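**Student:** here is my input; please provide its structure:
(chains A, B and C)
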Amino acid sequence: MIRHGSRRWLIAALVAAFAVSWFSTRFNQYYLGIAIDVGINIILAVSLNLINGHTGQFSLGHAGFMAVGGFTAAKLTLLYGESLYPFSLIVGGIMAALAGLLVGIPSLRCKGDYLAIVTLGFGEIIRVIFQNSQFFGAATGLTGIAKLTTFFWAWGIAAVTIYVIAGLVNSTYGRGFLCVHDDEVAASAMGINPLRYKVTAFVIGAFFAGIAGALYAHHKRVLQPDGFNFIKSIDIVVMVILGGMGRTAGVVVAAIILTLLPEVLRSFASYRMIIYSLLIIGLMMGRPQGLFVWPIFKKNAKN
Amino acid sequence: MEWFVQQLINGLALGSIYALIALGYTMVYGILRFINFAHSDVLMLGAFAAYFVAPPVTHLFPPQSYAGALAVLLLSAVICAIIGMLIEFLAYRPLRRRPRLTVLITAIGVSLFIEYTCQHEKVFGAQLKPFPKLLAEQNFHPAGLSINGNDVVVVVVTALLLAGLWYLVQKTRMGLAMRAVSFNEKAAALMGVNINRVISFTFGLGSALAAVAGVFYAMRAQGIEPLMGIKPGLYAFIAAVLGGIGNLPGAALGGLALGLIETFAGGIPALSNYRDGIAFAILIFILLFKPSGLLGKTQVEKV
Amino acid sequence: MKKQFFANHWCSLLLLSSTIVFSGCDKPSAPSGGSAAGGASADPIKVGEFASLTGKEATFGQSSHEGTQQAIDELNAAGGVLGRKFELIVEDDLSKAGEPATIVNKLIARDNVVAVLGEVASSRSMEAAPICQQNKIPMISPSSTNPKVTETGDFIFRVCFIDPFQGTVMANFATKTLKAKNVAVFTDVKSDYSKGLAKYFKEGFTAAGGKIATELDFNGGDKDFKAQLTAIKSSNPDGIFVPGYYTDVALICIQAKQLGLSVPIFGGDGWESDQLVKIGQDAVEGTYFSTHYAPDVATQKSKDFVAAYQKKWNGKSPDAMAALGYDSAMILAQAMKTANSTDGQKVRDALAATKNFEGVTGNTTINEKRDATKSAVILQVKDGKFHYVETVNP
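**Tutor:** Got it, this is the predicted structure:
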């Protein structure tokens, strides 16, 4: 019953994204560009939320997965033509998932802040490797990537991401993520293998981050390794925490707000980022559980 | 051989600075269990405090004398201690009973706020500023080496500070209170320890150490700008984790280790462009075998 | 059941509704481009600029912006062009990848600018270039030296020389004037400007019979270079080529001196700033670098520029980025005058035909690749001042 209903919403969202995309040539390209940014950031935030929120790990390396997906996909379409775009998205995602598997393994041993630093380290290592790889254009990165990411792709995949991750966490299997989050020892006593869940979370989270990276590459048309430093990872972490760890809906809204906020603040010119940082502090003081955690949602997200 | 000894000296001086910063991270972590992201900016403020304090102070003392340098160092340490306590009082104290990730994001917000404010042209501006020469340039040349007098000062003062800190934590009433709060905050409060005072003091102490590190860093580099704290801050954070976060000797050891790794990796032509990556790779490798850092306690999972 | 289903999947609903909100606010987009030709003569000419005013490369972005602003103010004081004044719309890209694309979209689609100026960093110029090309809006980069920038398309120009030229100039200088045979190269691994210069320098220098003693890298913004400099020292070079920006170079020179490295250090136009001497002091004495013009043999135009700039920006001396930012705006204004229009295509044609433009950075001609061809000069730091050594023609 539930599955059936949620699939209906997914289809509705896809159709809506497609419809909007159909008319997108008539839209102001500035707003359209930001709308695509928002879609990509939703994918990033929701996928990180699976690792950081639902499963309770603390990853600071999401930008690294994004870079793997972005560079792989961009190189594919640059080498073999634009028709490969949908395929490149998936390959980008798979490569990122492999990286996620690699990063997930230390998570078997490290916890909390140690895991945070290990993932941060992996993210930085990925960046340094791209920065020194001639194949991926070294410090210059890749240029001349075709503009293929449309509103439909960004928001359609965002809808799929939400559908898959929310569906996964709400499934019987997915309850295991929440168990690992709440109490690992109790989870293993109940016959849930925390290690498998943790690695699964990393692999799935990384897969969607990779796709987001691929979308990003074909949206901005230029990729440079320096754009994927740990500050980018922190941007995504802020979205997840501000949205309320483990609350998919809250995280989506936080991703939207945090992408639009700097644009709205443009009129403040040189005071813009100062105001932005003050707003983050203020939001955390005002709504410490996350922006959009009201009792009703809490019940339903945790179920 | 000559090359090796020379790099050893460079690495020790850099490592000492990292150790001083890492101590601040680790002390705050030991008591409040969160990573104070704004610590790297306090380091930068320390360097700027010295930049502004140095010209008037050097009027009172003979130019480039040890007494003058010491006065500058002390003054910027005091200024930063006050700034550190203020940050704690204004931004972190209201969130004391809140989830620690909330505090983490607030810390990121504070860090962004300090950076963007200081980069504003009406504050410091983004320009690199020449750091005043606090001490005369003395180079010793034993056996073809070139030992910079400032590096010796850095290492010696760090060693003294470490000894002083050890005494403070182990032998004084305040140190006892700090250890008590770090061990069990509630029990300490019941025993009559003034928690607020201890936390304030810890922030002040950590920030003062960061200020000293900032001045040393600026003395070695000879130039300061508002984002100068990010890199040493990140490295010191890694160092604190490497040594076992919350563990004071661990932070000092981690700092030295990281300084040496960075220097040796940076000094080998084929490796110098992978320098950041190598530091992280070694860190991950160590954490795989010692998941709670070099000197960290392995926590037993309680059921 | 129904209720729970709604609660579970309201996020999809949310997505849906925000999609609709977005499509709602997108619709009233003004047709772009048309306003330029048909606007009343009193309307200002809107020119967009994107620069790294904050973030890690803020110091260069601010310089470049100040130069551009200066040019626009001077143009407006003289009555503008075509009887219309300029309005410079400046956006900060935070020195962050991903931002320039958004900003240039905004400048073109929302502010309806007729031309775009920027950036210093080649990587960020390359992000903006395809958008300007697609919208047929001329873009002039003041100081992005990577050859790829203008390869994007025929609407993309630059007013500085490119890496291959400058790298070769310094290679010739090292072999002929310095008589160096064994040079160490110290590159900023994060900057494609630095990597590009290093590459062409190495090619030129080895072709001329020189040997590269060793190659080391740093990260732009680092403050500690002693590890690499120690390695350079142990390779016994007779010169060090440091293609980088003055902020790093000044500190590198100081630390090289502390380590007892006394061979000549030389680099490119990123060095040019009086900050180099202010920070580096005696450590930068005797170093060489190539740049666009020499202050001590400067034209009246560049002397006036320096004086006006110092007056406007509280005594700050202009660096190469500021001078190029100034020239980029001036060349644009001249092209509009020649084209007698602000129409993108016409301005582009006029820009492409720019010949012997007398700017503060020297005599600029735009070649068929839309790059500036101009002569480079080599300067030496002597007694805290830049002294002219030689001129190299393209």
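**Student:** may I have stretch B:52-67 exported as CSV, CA atoms only?
**Tutor:** What follows is stretch B:52-67, C-alpha atoms only, in CSV (Å, rounded to 0.1, in the frame of the first residue of the first chain):
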residue,chain,number,x,y,z
PHE,B,52,48.8,45.8,16.1
VAL,B,53,50.4,45.5,19.6
ALA,B,54,54.0,45.3,18.4
PRO,B,55,54.6,48.9,17.2
PRO,B,56,53.6,50.6,20.5
VAL,B,57,55.3,47.9,22.6
THR,B,58,58.6,48.1,20.8
HIS,B,59,58.8,51.7,21.8
LEU,B,60,59.1,50.7,25.5
PHE,B,61,61.7,48.0,24.9
PRO,B,62,64.9,48.0,23.0
PRO,B,63,64.1,47.0,19.4
GLN,B,64,64.0,43.3,18.6
SER,B,65,64.9,42.3,22.2
TYR,B,66,63.6,39.2,23.9
ALA,B,67,61.8,41.3,26.5
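**Student:** tell me where the stretch 51-200 of chain C has helices.
**Tutor:** Under the criterion DSSP state H, counting those that start in this stretch, the stretch 51-200 of chain C contains helices at C:58-77, C:99-105, C:122-135, C:148-151, C:163-172, C:192-207.
**Student:** so for B:Ser146, which of those helices sits nearest?
**Tutor:** helix C:192-207 (26.1 Å; C-beta to C-beta). Any C-beta I mention is one placed from the backbone N, CA and C, and that applies to glycine too.
**Student:** and the next helix or strand after that closest one, average pLDDT?
**Tutor:** Using DSSP states H and E, the helix or strand that follows helix C:192-207 in sequence is strand C:211-218. Regarding strand C:211-218, the rounded mean pLDDT is 90.
**Student:** how about strand C:211-218 and chain B, touching?
**Tutor:** Yes. Using C-beta under 8 Å from any C-beta of the partner chain, a contact is recorded between strand C:211-218 and chain B, made by C:214-218.
**Student:** so which bits of the stretch 201-303 of chain A are right by chain B?
**Tutor:** Checking the stretch 201-303 of chain A against chain B by C-beta under 8 Å from any C-beta, the hits are A:230, A:234, A:237-238, A:241-242, A:245, A:270-271, A:273-274, A:276-278, A:280-281, A:284-285, A:288-289.
**Student:** per-residue confidence at the nearest residue to B:Ser200 once chain neighbours are set aside?
**Tutor:** Distances taken as C-beta to C-beta, 6 or more residues apart in numbering or on different chains place B:Met85 nearest to B:Ser200, at 5.1 Å, with adjacent residues excluded. We note a pLDDT of 95 for B:Met85 in this prediction.
**Student:** all the strands of chain B, residue numbers only.
**Tutor:** B:129-130, B:139-140, B:147-148, B:223-224 (DSSP state E).
**Student:** flag the shaky bits of chain A, pLDDT-wise.
**Tutor:** When residues are selected by pLDDT under 70, those of chain A lie in A:1-5, A:288-303.
**Student:** that one: helices as residue ranges?
**Tutor:** Ranges of helices within chain A are A:2-22, A:29-48, A:62-80, A:85-104, A:112-131, A:151-170, A:175-182, A:184-189, A:194-220, A:230-243, A:248-264, A:272-286, A:295-302, based on DSSP state H.
**Student:** the strands in the stretch 151-300 of chain C, which residues?
**Tutor:** Counting by DSSP state E, counting those that start in this stretch, the stretch 151-300 of chain C has strands at residues C:156-158, C:182-188, C:211-218, C:239-241, C:265-267, C:288-291.
**Student:** give the buried residues for the third one.
**Tutor:** Of the residues in strand C:211-218, those with enough neighbours to count as buried (16 or more other C-beta atoms under 10 Å in any protein chain shown) are C:212-218.
**Student:** what residue ranges in chain B are flagged as low confidence?
**Tutor:** Low-confidence segments of chain B (pLDDT under 70): B:1, B:144, B:298-303.
**Student:** which helix of it spans the most residues?
**Tutor:** Chain B, longest helix under DSSP H: helix B:2-32.
**Student:** chain center to that helix: distance?
**Tutor:** On the basis of C-alpha atoms, centre = their mean, to the nearest Å, helix B:2-32 sits 8 Å off its chain's mean C-alpha point.
**Student:** can you give me the neighbour number for B:Arg100?
**Tutor:** 12 (other C-beta atoms under 10 Å in any protein chain shown).
**Student:** contacts only, for the closest residue in space to it that isn't next to it in sequence.
**Tutor:** Sequence neighbours aside, B:Phe34 is the residue nearest to B:Arg100 in space, at 4.5 Å (criterion: C-beta to C-beta, 6+ apart). Residues near B:Phe34 by C-beta atoms under 8 Å, 6 or more residues apart in numbering or on different chains: B:28, B:100, B:103-104, B:107.
**Student:** out of these, who's the most crowded?
**Tutor:** Greatest neighbour count in the contacts of B:Phe34, by other C-beta under 10 Å, goes to B:Val28: 27 neighbours.
**Student:** what about it, distance to A:Ile162?
**Tutor:** According to C-beta to C-beta, to the nearest Å, B:Val28 and A:Ile162 sit 37 Å apart.
**Student:** ok so, going back, closest to A:Leu142 out of the strands of chain B?
**Tutor:** Going by C-beta to C-beta, the one of the strands of chain B nearest A:Leu142 is strand B:223-224, 33.2 Å.
**Student:** quick revisit: and which of the residues of strand C:211-218 next to chain B is nearest to B:Val57?
**Tutor:** C:Phe218 (32.5 Å).
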